[in-house]
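J.: Fold the stuff below for me.
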Amino acid sequence: MLADGYKEGTKGRRSQMDCALFLAKVINHDLTIANAAAWQLWNAREPGNAEWDTRYYLLALKPNADYKDGEFTITKNLWALGNYSRFVRPGMKRLATTRNDGLTPVHVAQDVMVSAFAGGKDKLVMVVINYTQQTRLVTPDLKNFKPVKTYRTYTTSANAGDDLKPSAVTNLSGAISLQPRSITTIVFN
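T.: Numbers count the residues shown, from 1 in each chain. From the prediction side, this is the model:
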């Protein structure tokens, strides 16, 4: 996040949603590929613009001239991190996930990334990152769980107000729609 990797080969500034998606990708890969047991962000705030290149802070500070006061703006990174920290709780175990589309790990990193966690009273949570420009569908094939009847999503996207925006509780009867360029937590009941 501190070097230019977050730009993924592009030139110029990256939007706060681009940075949030890259942050979510790093977290996903650390948990699912590196098998990390925990993940922390060490820099919560920084003077800077909330719209561009927010790659390593959750709050963009705009101090006044004497640095004794000022304003702050919450960046999409806070909500990207929240997809994990709000729903993946201590004691939960990461579950193995598989895909049926045959994509290589390199292609998955530019497509749809999935991580799943279980714990407590059969609580099941999936964090799904749609890195693409298209609406995508994910159809969970849940095995070794008591039957899941409903789910609720919490979505973070570039749209105003999509900051862990909850959906209505929905019956699980097929595919779940993911907004383009979004991070969605799915909580199954």
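J.: Name the next helix or strand following the helix or strand bottoming out on mean pLDDT in the chain along the chain.
T.: Counting by mean pLDDT, DSSP states H and E, the weakest-scoring helix or strand in the chain turns out to be strand 45-47, with a mean of 76. The C-terminal neighbour of strand 45-47 among helices and strands, as given by DSSP states H and E, is strand 59-63.
J.: buried stuff in that next one?
T.: Neighbour-count burial for strand 59-63 flags 59-60 (criterion: 16 or more other Cβ atoms under 10 Å). For every residue, glycine as well, the C-beta is placed using N, CA and C.
J.: So which residues of the chain form helices?
T.: 16-32, 76-85, 105-108 (DSSP state H).
J.: Any idea which of these gets closest to L41?
T.: helix 76-85 (6.0 Å; Cβ to Cβ).
J.: returning to that earlier point: now mean pLDDT, mean neighbour count and distance to G91 too, for the helices of the chain, in JSON lines please.
T.: Shown next, in JSON lines, are the helices of the chain (pLDDT from 0 to 100; neighbours: other Cβ atoms under 10 Å; distance: least, Cβ to Cβ, whole Å):
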{"stretch": "helix 16-32", "mean pLDDT": "93", "mean neighbour count": "22", "distance to G91": "15"}
{"stretch": "helix 76-85", "mean pLDDT": "94", "mean neighbour count": "23", "distance to G91": "14"}
{"stretch": "helix 105-108", "mean pLDDT": "90", "mean neighbour count": "12", "distance to G91": "28"}
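J.: Nice, that's everything, thank you.
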